[in-house]
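> Prediction below, plus the sequence it came from.
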Amino acid sequence: MTTMFTQMGRVVYLLVLLQCCVCAADAADVVRDISTNELSKADVDQLNNSVTKAYEHIVHTAGCLSALKGDVELCKKNTEHAETAAKDIKVLDKKIKELEEETAGESKETWMKGNKDRMQGNIYAISNLTVSLVDMHILLDRCKVRTWDLKGEMEGLENARERFLKEHPNEKQQEPEVKKLVENSNKAIQTLLNLRKELEYVVIEIETLRSAGTLKDNASRELMALSETLGEVAKHEIDMEGIMVEDDDDEQFNKMAAKRIDDVSKKLEEAKAKAKEEFRHLEPEELVEDKKESEVEEQPPRDNEVTRGPGEEKARETHKVEAKEEKETEEEQAKGPNATMEEKVEEGETEKKENENGEVAGRENNGGGKETKESREETFKEGQESVTAEKEKEAKGPQIDVAHEINAMQERDSSNSPALVHSPLLLLLLCVLSCTLVC
């Protein structure tokens with residue numbers, strides 16, 4: 001009899017030990033699952049943000065390249081026409097000088113009537129080249145708002161993709177949306193690489209157009225010299241619009257740029273719109289969780305739903321308000337005293353911002369809406385601080401919400417982990433063990 005009790009005690013000891021090991025393993029799995037889920041969401045968000053930024057950069061760069069390519073080709077054609085016009089202007093200048101030397105020759109008025117169309121064609125050729133160069137200048141100025149260096153964008157996206165694949169090497173366990181996101185990241189990197197090659201080519205083409213500016217200046221000077229030789233006849237017979245005089249070149253350039261900026265901006269926006277449609281497949285889609293939340297929020301009322309009267313609707317709204325207030329009260333109680341302190345700090349910051357806004361509005365009213373040097377410096381300083389803060393935030397990468405993780409652990413403590421609950425099997429084993437020890 002004693003031997004049987006001894007053997008039963010040993011069995012009970014083994015069962016208790018086994019139960020404890022299972023409980024500890026399950027508890028560790030819960031913590032690991034929570035950490036894995038949070039890290040997975042953070043990695044997906046970071047990769048999604050990187051692809052989104054790359055998509056925006058691709059649309060901007062592709063639109064600029066498309067517009068610049070068109071302007072480069074047009075500028076080349078206009079350069080050829082202007083070069084021909086410059087040669088013809090030299091011929092005309094030589095003829096008019098020979099005409100001045102001949103006493104019995106035809107008059108300038110007669111000569112002008114016979115060569116008016118020829119001269120006007122040369123003027124248009126030089127003027128068209130000037131317009132092309134102005135458009136090119138505006139485009140380059142508009143496109144340099146975003147950096148032309150695509151290397152940094154490529155490296156950021158590549159790092160985010162490698163980090164995600166390192167944490168999640170098994171593609172079979174990925175959701176379809178996540179798989180597509182990874183594929184889009186690969187396509188975005190390749191697209192950025194292709195755009196970088198195109199950009200290098202366009203930059204070289206633009207550099208070759210420097211000679212076009214020199215040609216325009218030389219042809220304009222020769223044309224102005226010919227006009228002075230003709231005197232009053234040229235002023236009445238030909239239109240010199242679009243020909244920039246070297247002395248007031250900047251002033252005329254600014255006037256022409258002001259006339260052309262709307263057309264150039266419209267052309268650039270159209271090019272970006274085409275690029276947006278062309279690379280639409282790279283735009284990240286909503287994740288499954290975001291889609292479900294939006295569907296729940298925007299779910300329309302069903303057709304077969306019974307129409308409620310005014311009284312029922314009012315009672316329903318009252319019930320919603322009470323439920324919302326009750327939920328907010330529970331959240332405040334759960335947050336504890338720290339929440340009260342945070343609310344006070346937020347209220348203080350809000351009041352401070354309101355006071356600052358009031359002071360700024362008062363200064364604007366007193367100053368008649370004029371922007372002072374101090375206000376510009378203050379605005380510039382605030383902009384720098386915001387940019388610095390944004391860069392630091394991006395450098396740190398996605399942060400895991402510690403409070404959310406703790407709450408998730410607490411929610412699972414009473415349901416999933418047998419190490420932290422009163423398991424009936426564990427109680428039974430402890431009772432048997434106690435009885436065995438007593439006996």
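Good, I have the coordinates.

> ok, and for stretch 271-281, which residues are buried?
Within stretch 271-281, the residues that count as buried by 16 or more other C-beta atoms under 10 Å are Ala271, Lys272, Ala275, Lys276, Phe279. Using the backbone N, CA and C atoms, a C-beta is placed for each residue, glycine as well.

> got the contact list for that stretch?
Stretch 271-281 is contacted from outside by Tyr55, Ile58, Val59, His60, Ala62, Gly63, Cys64, Ser66, Ala67, Asn184, Lys187, Thr191, using C-beta atoms under 8 Å, 6 or more residues apart in numbering.

> can you rerun that using 6 Å?
Residues outside stretch 271-281 that contact it (C-beta atoms under 6 Å, 6 or more residues apart in numbering) are Ile58, Val59, Ala62, Gly63, Ser66, Ala67.

> what's the closest of those to Ile96?
Nearest to Ile96, judged by C-beta to C-beta, of the contacts of stretch 271-281 is Ala67 at 41.1 Å.

> how far away is Lys116 from Asn122?
Separation of Lys116 from Asn122 (C-beta to C-beta, to the nearest Å): 11 Å.

> more neighbours, the two?
Asn122 (25 against 14; other C-beta atoms under 10 Å).

> Now do whichever strand or helix holds that one: which elements does it pack against?
Assigned by DSSP states H and E, Asn122 belongs to helix 108-143. Packing contacts for helix 108-143, counted by 3 or more C-beta pairs under 6 Å, 6 or more residues apart in numbering; DSSP states H and E, involve helix 2-101, helix 210-230, helix 232-237, helix 249-278.

> Now do it and helix 249-278, the angle between them.
50 degrees (axes from the mean of the first three to the mean of the last three C-alpha atoms, to 10 degrees).

> mind listing what's buried in helix 108-143?
Using 16+ other C-beta under 10 Å as the test for burial, helix 108-143 gives 108, 111-112, 115, 119, 122-139, 142-143.

> And the next helix or strand past it?
Following helix 108-143 toward the C-terminus (DSSP H and E): helix 151-167.

> tell me which residues in the helix or strand following that following helix are buried?
Counting by DSSP H and E, the element after helix 151-167 in chain order, helix or strand, is helix 176-208. Using 16+ other C-beta under 10 Å as the test for burial, helix 176-208 gives 177-178, 181-182, 184-185, 187-189, 191-192, 195-196, 199, 202, 206.

> could you say what helices and strands helix 176-208 packs with?
Against helix 176-208 (3+ C-beta pairs under 6 Å, 6+ apart) you get helix 2-101, helix 151-167.

> ok, now with 10 Å
helix 2-101, helix 108-143, helix 151-167, helix 288-297 (3 or more C-beta pairs under 10 Å, 6 or more residues apart in numbering; DSSP states H and E).
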